[in-house]
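In: Below: sequence and its predicted model.
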Amino acid sequence: MAKKCFICGKELKALDPYAKTQDGKYICQDDVEKIFSDKATNWSGIKLTASTWISKHTSTGIKEFIDGPNKVKLSEAKGTGLINCFVCNKKIGLMNDKATTKDGKPICFNDVNLLFNTSSATKYAIPSKLKRKVKAMDSTVITQALNDGLEGKLYCPHCGSTNIQPLGSHRKGFSVGKAVGGAVLTGGIGALAGFAGKKTKQTDFVCMDCGKQFKN
């Protein structure tokens, strides 16, 4: 079976340079360049430092770097390759799981548990539903929620305001049709969901400060 780059799908020929991730997926030279902020290849192919760093990271983690705004400095890749949780600033181990915010910042399992008032996230496995919720939130909203002690409480996942109203009890002066895409609050923390009117068991709310709607 031919090797293919897990990012672009390109078939890798016998002489094509490639690297291999921790979970055994292949990545072509062109996509390797998208991981790092400095030159990761040379005339002979992929630099050893870059290839070694990739071998210590999963395909999921590498794709987050490619899709997100943060890139890896090759000079830093010579070390442990560890990254810091943006909340507590503790190192996240190579084998440890993490979640990533909408603006590309990593958060450790401990702070995910704190954020959602749960204990379901572990060092090596953060539930995918919690990762999706974190992915829908900016790091600034998460920081504000934790600093204000809002974990487990109902607040706007877009701006962090607690000035919210159920749509059914406060419709005057607000058009549901103008509301921006909402979010689901589970345990008081937001994740991307949908628009009002969708048939769910959740309650529609609107933030009276930013005007955006979400579900709970």
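Out: Alright, I've got the coordinates.
In: now the protein, which segments are flagged as low pLDDT?
Out: Scanning the chain with the threshold set as pLDDT under 70 gives 76-82, 94, 150-155, 168-203, 215-216.
In: can we see that at 50?
Out: Residues of the chain meeting the criterion pLDDT under 50: 169-200.
In: helix or strand for the residue lying closest to V87 once chain neighbours are set aside, which one?
Out: Among residues not flanking V87 along the chain, D111 sits closest, at 4.2 Å (CB to CB, 6 or more residues apart in numbering). C-beta: built from backbone N, CA, C; applies to glycine. In this assignment (DSSP states H and E), D111 forms part of helix 109-116.
In: Show me which parts of that helix are buried, residue by residue.
Out: Going by neighbour count (16 or more other CB atoms under 10 Å), the buried part of helix 109-116 is 109, 111-116.
In: Quick test: name the residue nearest the centre of the chain.
Out: Central residue of the chain (CA atoms, centre = their mean): T100, 2.5 Å from the mean position.
In: what's the spacing between the closest residue to that one other than its chain neighbours and A2?
Out: Excluding its sequence neighbours, the residue lying closest to T100 (CB to CB, 6+ apart) is E64, at 5.2 Å. Here E64 is placed at a distance of 26 Å from A2 (CB to CB, to the nearest Å).
In: quick one, which of the two is more surrounded?
Out: Legend: neighbour count by other CB atoms under 10 Å for E64 and A2, higher for E64 (19 against 8).
In: Helices of this structure, start to end?
Out: 29-33, 48-55, 59-67, 74-77, 109-116, 128-135, 139-147 (DSSP state H).
In: Redo the ones you listed as a markdown table? Include distance to P166.
Out: Listed next are the helices of the chain as a markdown table, based on distance: least, CB to CB, whole Å:
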| stretch | distance to P166 |
| --- | --- |
| helix 29-33 | 46 |
| helix 48-55 | 49 |
| helix 59-67 | 35 |
| helix 74-77 | 48 |
| helix 109-116 | 22 |
| helix 128-135 | 21 |
| helix 139-147 | 20 |
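In: Of these, which is nearest K90?
Out: K90 sits nearest to helix 109-116 of all the helices of the chain, at 7.9 Å, using CB to CB.
In: Tell me which of the helices of the chain lies nearest to F86.
Out: F86 sits nearest to helix 139-147 of all those, at 5.6 Å, using CB to CB.
In: how much space between I46 and C8?
Out: Distance check for I46 against C8: by CB to CB, it reads 15 Å.
In: what about the two, which has more around it?
Out: I46 (20 against 11).
In: from memory that one sits against A40, does it?
Out: Yes: contact criterion CB atoms under 8 Å: I46 and A40 qualify, at 6.5 Å.
In: Quickly list what's touching both of these two.
Out: V32 (CB atoms under 8 Å, 6 or more residues apart in numbering).
In: Would you mind pulling the contact partners of stretch 83-100?
Out: In this structure, residues lying in contact with stretch 83-100 by CB under 8 Å, 6+ apart are 22, 56-57, 61, 64, 68, 80-82, 101, 105-112, 121-126, 130-131, 134-135, 139, 142-143, 146.
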